[in-house]
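Undergrad: the following block contains a protein sequence and its predicted model.
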Amino acid sequence: MATSFRPALLSRQLLAQRTPMALRSFHASPTRAILPPLPQVIKGSVNDAATVPDASYAHGSYHWSFERLISAGLIPLTIAPFAAGSLNPVMDGLFISTILIHSHIGFQSCIIDYFPTKRVPKTRKFSMWALNLATILAGIGFYEFETNDVGLTEAVKRVWQAKKADL
């Protein structure tokens, strides 16, 4: 049986000799992971009980209810300025702050899910600080846009009208 595979092996070797060096090194290079795996550490033994975190209503059900309230509040705040026809700066400010809180909570959930404290504590801490900084900068940018320019809902209204005029 080993002899039946020899012609294929010989043809591969001949092809490798005729192939330019750049292509040979590309195909012959070993497979390497883009990022090496983090160190795997086992704490305790198989018979140890799983650690259960302390119950916290503020971080549990209240947090979940707050997230849903913010998400549901975005719907009327998005529609109201355009349906009622009033461009109130207070409503615009409430809409902007709700968008900021909603975005911050969403990105925070992504960081918590993808950067566990046990595996990458420094990366998670850096990501949380970067998220807080980005949220503050976005808030300052929205504030400047609201006070020194036309505001968010008026800008969206103007962009929408410009798009309809092009059609």
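TA: Okay, I see it. Numbering: from 1, shown residues only.

Undergrad: wait, Thr98 touches Ser71, no?
TA: No - with contact defined as Cβ atoms under 8 Å, Thr98 does not count as touching Ser71 (9.2 Å). The C-beta positions use only the backbone N, C-alpha and C, and glycine is treated the same way.

Undergrad: quick one: which of those two has more around it?
TA: Under the criterion of other Cβ atoms under 10 Å, the comparison of Thr98 against Ser71 puts Thr98 first, with 17 against 14.

Undergrad: helix or strand: which one has that one?
TA: Taking DSSP states H and E as the definition, Thr98 sits inside helix 89-114.

Undergrad: give me every residue that touches Lys157.
TA: For Lys157, the contact set (Cβ atoms under 8 Å, 6 or more residues apart in numbering) comprises Phe82, Leu87.

Undergrad: starting at the chain centroid, how far to the helix or strand containing it?
TA: If you go by DSSP H and E, Lys157 is part of helix 152-166. Helix 152-166 sits 28 Å away from the centroid of its parent chain (Cα atoms, centre = their mean, to the nearest Å).

Undergrad: what mean pLDDT does it get?
TA: In this model, helix 152-166 has an average pLDDT of 79.

Undergrad: after the helix or strand bottoming out on mean pLDDT in the chain, which helix or strand is next?
TA: Within the chain, judged by mean pLDDT, DSSP states H and E, the helix or strand with the poorest mean is helix 21-28; its value is a mean of 52. Tracing the chain past helix 21-28, the next element assigned as helix or strand by DSSP H and E is helix 61-84.

Undergrad: only alpha carbons, please: show that next one as CSV.
TA: Once non-C-alpha atoms are left out, helix 61-84 reads as follows in CSV (Å, rounded to 0.1, in the frame of the first residue of the first chain):
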residue,chain,number,x,y,z
SER,A,61,-32.4,42.5,38.9
TYR,A,62,-32.4,46.3,39.4
HIS,A,63,-29.5,46.6,36.9
TRP,A,64,-31.5,44.4,34.4
SER,A,65,-34.7,46.4,35.0
PHE,A,66,-32.7,49.7,34.5
GLU,A,67,-31.2,48.5,31.2
ARG,A,68,-34.7,47.5,29.9
LEU,A,69,-36.2,50.8,31.0
ILE,A,70,-33.5,52.8,29.2
SER,A,71,-33.9,50.6,26.1
ALA,A,72,-37.6,51.0,26.1
GLY,A,73,-37.3,54.8,26.7
LEU,A,74,-35.3,55.3,23.6
ILE,A,75,-38.4,54.4,21.4
PRO,A,76,-40.6,57.3,22.4
LEU,A,77,-37.7,59.7,22.7
THR,A,78,-36.7,58.9,19.1
ILE,A,79,-40.1,59.3,17.6
ALA,A,80,-41.5,62.2,19.7
PRO,A,81,-39.6,65.2,18.3
PHE,A,82,-40.4,64.3,14.7
ALA,A,83,-44.0,63.2,15.3
ALA,A,84,-44.9,66.3,17.5
